[in-house]
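1. Pasted the sequence and its predicted model underneath.
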Amino acid sequence: MTATAQHFPSPAPLWTPHPSSGDLAIVLDRLRGWTAFDGDAVLDDVAAALDDVPPTEDDIAEIAERLSEHLMRLVTIAVAAEADKDAAAAQLIEQARTLRTEDLPGDRPMAVGYLRRMGWTAGELLERLVALCCLREVA
């Protein structure tokens, strides 16, 4: 009598434990804090930053904060979609990261210049991600 090996059609999947209640709570918190990407809001803030008439001193900080958030979200989308493999996108991603680390200058003309650099970078990165089919075209 000879022993024969038993062959299975495919290996059994490895067992993975279910997430703990703490892990599920973290996921739920993140889902509750999530907001959909709004390309129109990005374009509105880009337009406000690049307008011929600079925003008022009171509006500069608010627009800069929103542009910083837009840049962070655009960089996250670009990296997740592997758009950083594109040379132009990679340069814009690096520029966005650099701008986000800088503080808003206290001097009004410098603050307007900083705001315009942020607006230009956000607009160009959005346009590049659309061209690379990472995002749908916005109005």
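-> Received, thanks. Numbering: from 1, shown residues only.
2. Grab the most central residue of the protein for me.
-> Arg73 (2.1 Å; Cα atoms, centre = their mean).
3. Centre of the chain to the helix or strand bottoming out on mean pLDDT in the chain, how far?
-> Taking mean pLDDT, DSSP states H and E as the measure, the chain has helix 21-33 as its least confident helix or strand, at a mean of 87. Centroid displacement of helix 21-33 relative to its chain, using Cα atoms, centre = their mean, to the nearest Å, is 20 Å.
4. again with stretch 108-124
-> 18 Å.
5. Just the residues contacting that stretch, thanks.
-> Stretch 108-124 is contacted from outside by 42-43, 45-50, 54-55, 57, 60, 63-64, 67-68, 70-71, 74, 92, 95-96, 99, 102, 104-105, using Cβ atoms under 8 Å, 6 or more residues apart in numbering. In this view, the C-beta of every residue, glycine as well, is placed from N, C-alpha and C.
6. Show the buried residues in these.
-> Neighbour-count burial (16 or more other Cβ atoms under 10 Å) is assigned, among these, to 42-43, 45-46, 48-49, 54-55, 60, 63-64, 67-68, 70-71, 74, 92, 95-96, 99.
7. Which neighbouring elements make contact with the helix or strand containing Ala48?
-> Assigned by DSSP states H and E, Ala48 belongs to helix 39-50. For helix 39-50, the elements it packs on are helix 57-80, helix 108-131, judged by 3 or more Cβ pairs under 8 Å, 6 or more residues apart in numbering; DSSP states H and E.
8. In terms of secondary structure, what does the first one contact?
-> It stands for helix 57-80. helix 39-50, helix 87-101, helix 108-131.
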